[in-house]
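>>> A structural model of the following input is requested.
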Amino acid sequence: MGMLTCRMRLDHVDGERFLETVALVDTGAALTVVPSEKLVEMGVEPFDTVWLSLADGHRVEYPLGKAVATVQGRTIETLVVFGEDEETVLLGAYTLEGLRFAVDPLEGRLIEFVGRL
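Predicted coordinates for the structure are as follows:
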């Protein structure tokens, strides 16, 4: 499939500050990860921490905050991980599913999520 990216806007929950970015869509990542410096600039504050397993198997504890994500006109309040400052913004499965998107691996694009009851 290759790498899939999308334009994403992240807003502080107060709606006053925001970040417009290109995110790497990573269905293997549970949560959306944003460089800490970007979240701090937006005024996002950690409310908790989360343990995550890295690709190499190590477990690392990260600060966890909340922001409002918008992709292709769909918006949802979501969890964001305070990542390393030079890290790429990752759009993780929690946010992706909350926005009701899925990945079309053949076309390499986001599509409307259609689930089952």
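
>>> just checking, next helix/strand downstream of the helix or strand harbouring residue 70?
Assigned by DSSP states H and E, residue 70 belongs to strand 59-71. Sequence-wise, the next helix or strand downstream of strand 59-71 (DSSP H and E) is strand 74-83.

>>> immediately after that following strand, which helix or strand?
Taking DSSP H and E, what comes next after strand 74-83 is strand 90-91.

>>> tell me the mean pLDDT for that following strand?
For strand 90-91, mean pLDDT is 96.

>>> what about the strands in the protein?
With DSSP state E as the criterion, the chain has strands at 5-11, 18-25, 32-35, 48-53, 59-71, 74-83, 90-91, 101-104, 109-112.

>>> relative to strand 74-83, how tilted is the fourth one?
Same thing as strand 48-53. Orientation check (axes from the mean of the first three to the mean of the last three C-alpha atoms, to 10 degrees): strand 48-53 against strand 74-83 gives 80 degrees.

>>> Quick check: which ranges of the protein have low pLDDT?
1-2 (pLDDT under 70).

>>> Tell me which residue is most central in this protein.
Centrality entry for the chain: nearest residue to the mean C-alpha point is residue 32, 2.4 Å, by C-alpha atoms, centre = their mean.

>>> Much appreciated, bye for now.
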